[in-house]
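> Generate coordinates for the sequence data below:
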Amino acid sequence: MRRMQSLLENRDTDFAPAFRFDSSQLKRQSTLIRTTGRIIDVLDAAPYIAVVTNTARQIVYGNSELYSYLGRDTVDIIGKRPGEMLGCTNAHDHPGGCGTGQNCRFCGAVAAILEALKTGERVTREAGLLIKQKEGFIAFDTNVTASPLNIGNERYLIVFFDDISSRKRREGLERTFFHDVMNTASGLKNLALYLSDSRKNENDINHAAQLLVDQSSFLIEEIRGQQQLIEAESSTLAVNLQLIESLVLFTEARTAAEALRQANGKSIVSNAGSPSIGILTDPSLLKRVLLNMLKNALEATESGGEIRFSMNYESGDIVFKTWNPTGMNEEVKSRIFQRSFSTKGPGRGIGIYSMRLITEQYLHGSVSFTSNTDSGTEFTVRIPRTSKTPIGI
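Numbering: from 1, shown residues only. Next up is the predicted model:
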């Protein structure tokens with residue numbers, strides 16, 4: 001009882017209690033789980049990652065599916081919390097570890113575990129995690145189910161992680177990519193029908209032909225963007241390094257953004273604050289990143305408004321920034337880089353996620369942002385002038 005009181009009264013945290021059991025208690029708890037009934041047999045037969053945690057959310061057992069996912073036969077997971085075990089990018093934002101940081105307030109995994117501990121009932125929540133890897137990160141979308149387990153007078157939880165990443169990717173394709181492609185294809189058909197009308201004069205035909213070229217280019221870019229995302233997530237994306245003038249890339253990105261449907265009725269105020277300099281990078285990938293950054297700013301801006309787009313040279317890096325007048329609340333800020341999270345509805349949110357993925361893992365740069373309701377939102381992309389990627393990779 002005294003331990004539980006300590007757990008509840010601990011305030012060294014921004015959210016969930018930071019209290020942890022010591023190593024001798026963890027060893028006893030782990031042994032108890034392994035020797036009670038057929039708990040281990042049942043969990044090892046499960047097709048999902050499963051762990052048993054104590055009331056401090058520390059793992060005291062992990063099933064065979066977990067070890068398969070981690071890719072190692074043995075790993076010291078006893079005493080870690082789920083986010084620490086999986087490698088969540090937010091797990092060490094606070095000295096208290098997983099569940100104690102400010103971003104953890106909006107984590108579905110932490111919410112499921114805390115609610116199950118509080119109510120004694122089975123709880124399922126959806127969670128979108130970014131998992132650290134040797135280089136960069138991957139998205140892990142999961143349904144987290146926490147079920148109480150009582151052994152004598154001790155309380156534990158069985159926590160299942162059902163990987164729904166593939167389903168989320170399919171939903172993204174169905175709700176956004178296929179929808180956008182179908183709209184563009186329909187526009188192409190209408191333009192082709194328009195051009196087939198022999199009564200049109202030469203000026204009308206030339207205008208329609210240019211629209212046809214523009215729409216075709218947009219369609220190709222949409223397909224290529226989706227292809228690059230798939231390759232980036234599977235670590236097969238090729239980087240084609242070229243020496244390019246930064247101002248050329250800046251201008252091309254702005255021009256492409258002005259042609260987006262999201263730019264209708266809005267203006268892009270641009271400022272290249274430093275002279276054009278050569279940059280060794282993949283221009284196709286960097287342009288994709290900048291276009292996603294501009295598209296996000298345009299989507300967050302109401303008709304009649306403006307966004308800002310700037311480029312500067314700072315400490316050996318080329319720094320691109322976008323600003324829009326719309327600020328984000330705390331939940332949005334904490335989840336903005338999650339693959340499947342968006343304020344624009346289910347199946348969206350891919351642009352900001354891919355922006356960070358490509359920038360950090362393939363261009364060796366960084367993505368950051370600042371946002372509040374008074375001054376709006378500013379995204380920053382920093383790209384090293386000389387790429388760290390070997391030529392030919």
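
> wait, what's in contact with residue 248?
residue 276 (C-beta atoms under 8 Å, 6 or more residues apart in numbering). Where you see a C-beta, it was placed from the backbone N, CA and C, and this is true even at glycine.

> what does residue 105 give?
If a contact means C-beta under 8 Å, 6+ apart, then residue 105 has 14-15, 330-331, 334 as its contacts.

> Tell me which of the residues you listed fall in helices.
Of the positions in these, 330-331, 334 sit in helices, assigned by DSSP state H.

> Now do the SS call for the residue nearest the centre of the chain.
Computing the C-alpha centroid of the chain and ranking residues by C-alpha atoms, centre = their mean puts residue 338 first, at 2.7 Å. Residue 338 carries the three-state label coil when classified by DSSP: H, G, I helix; E, B strand; the rest coil.

> ok so, going back, in TSV, list the ones in helices among the contacts of residue 105 along with pLDDT, distance to residue 90 and neighbour count.
Formatted as TSV, the entries for these read as follows, by pLDDT from 0 to 100; distance: C-beta to C-beta, whole Å; neighbours: other C-beta atoms under 10 Å:
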residue	pLDDT	distance to residue 90	neighbour count
330	92	13	13
331	92	13	13
334	91	8	20
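
> if we take these, which one ends up nearest to residue 199?
When the ones in helices among the contacts of residue 105 are ranked by distance to residue 199 (C-beta to C-beta), residue 331 comes first, at 55.9 Å.

> wouldn't residue 159 be in contact with residue 50 here?
Yes. Here residue 159 lies in contact with residue 50, judged by C-beta atoms under 8 Å, at a distance of 6.9 Å.

> Give me the neighbour count for residue 312.
With neighbours defined by other C-beta atoms under 10 Å, the count for residue 312 comes to 14.

> in the sheet, who's paired with it?
residue 319 (DSSP bridges).

> Would you confirm that it contacts residue 274?
Yes. Applying C-beta under 8 Å, one finds residue 312 in contact with residue 274, separated by 5.0 Å.

> Leaving aside the residues adjacent along the chain, what's closest to residue 242?
Spatial nearest neighbour of residue 242, excluding adjacent residues (C-beta to C-beta, 6 or more residues apart in numbering): residue 283 at 5.6 Å.

> and the one you found, what is it in contact with?
When contacts are counted by C-beta under 8 Å, 6+ apart, residue 283 is found next to 242, 244, 249.

> cutoff 10 Å now
240-245, 248-249, 252 (C-beta atoms under 10 Å, 6 or more residues apart in numbering).

> ditto for residue 164
Taking C-beta under 10 Å, 6+ apart as the definition of contact, the neighbours of residue 164 are 126-128, 140-143, 170-171, 340.

> separation between it and residue 229?
Shown here: residue 164 relative to residue 229, a distance of 18 Å by C-beta to C-beta, to the nearest Å.

> Repeat that for residue 199.
43 Å.

> nearest to residue 150, of the contacts of residue 105?
For residue 150, the nearest member of the contacts of residue 105 is residue 15. The distance, counting by C-beta to C-beta, is 25.4 Å.

> pretty sure that closest one contacts residue 107?
Yes. Residue 15 is within contact range of residue 107, at 8.7 Å (criterion: C-beta atoms under 10 Å).

> Same drill for those two, tell me which one is more crowded.
The residue with more neighbours, out of residue 15 and residue 107 and counting by other C-beta under 10 Å, is residue 107; that gives 28 against 19.

> in what helix or strand does residue 67 lie?
Residue 67 belongs to helix 64-70 when elements are defined using DSSP states H and E.

> so what does that helix touch, helix or strand wise?
Judged by 3 or more C-beta pairs under 10 Å, 6 or more residues apart in numbering; DSSP states H and E, helix 64-70 is in contact with helix 39-45, strand 49-53, strand 59-62, helix 82-86, strand 154-163.

> and the gap between the closest residue to residue 273 other than its chain neighbours and residue 65?
With sequence-adjacent residues excluded and distances taken as C-beta to C-beta, 6+ apart, residue 273 is closest to residue 312, at 4.5 Å. Spatial separation of residue 312 from residue 65 under the definition C-beta to C-beta is 48 Å.

> domain assignment for this structure?
Per automatic domain parsing, the structural domains of the chain span 2-163, 167-233, 242-384.

> Show the average pLDDT along the second one.
Average pLDDT, domain 167-233: 78.

> first vs last residue of it, how far apart are they?
For domain 167-233, the first and last residues are 15 Å from each other (C-alpha to C-alpha, to the nearest Å).

> residue boundaries of the strands in the stretch 101-250 of the chain?
Using DSSP state E, counting those that start in this stretch, the strands found in the stretch 101-250 of the chain span residues 123-132, 137-151, 154-163, 242-245.

> Among those strands, which comes closest to residue 208?
So among those, strand 242-245 is nearest, using C-beta to C-beta, at 33.0 Å.

> I'd like to check which residues are in contact with residue 315.
For residue 315, counting by C-beta under 10 Å, 6+ apart, the contacting residues are 382, 384-385.

> Buried ones among these?
When neighbours are counted using 16 or more other C-beta atoms under 10 Å, the contacts of residue 315 contain these buried positions: 382, 384.

> Which strands and helices lie in contact with the longest helix seen in the chain?
Assignment by DSSP H gives helix 202-233 as the longest helix of the chain. The helices and strands touching helix 202-233, judged by 3+ C-beta pairs under 10 Å, 6+ apart, are helix 165-172, helix 178-195, helix 246-258, helix 283-299, helix 350-361.

> what's the burial count for the closest residue to residue 61 other than its chain neighbours?
When the adjacent residues along the chain are set aside, residue 61 lies closest to residue 52, with 4.2 Å between them (C-beta to C-beta, 6+ apart). Here the neighbour count serves as a burial measure; for residue 52 (other C-beta under 10 Å) it reads 24.

> swap in residue 86?
Counted with other C-beta under 10 Å, residue 86 comes out at 23.

> Could you pull up the contacting residues of residue 321?
Going by C-beta under 10 Å, 6+ apart, residue 321 touches 271, 273, 293, 297, 308-312, 368-369, 378-382.

> ok, 8 Å please
308-312, 378-381.

> can you pull the buried residues of stretch 187-205?
Going by 16+ other C-beta under 10 Å, stretch 187-205 has these buried residues: 187-188, 191, 194.
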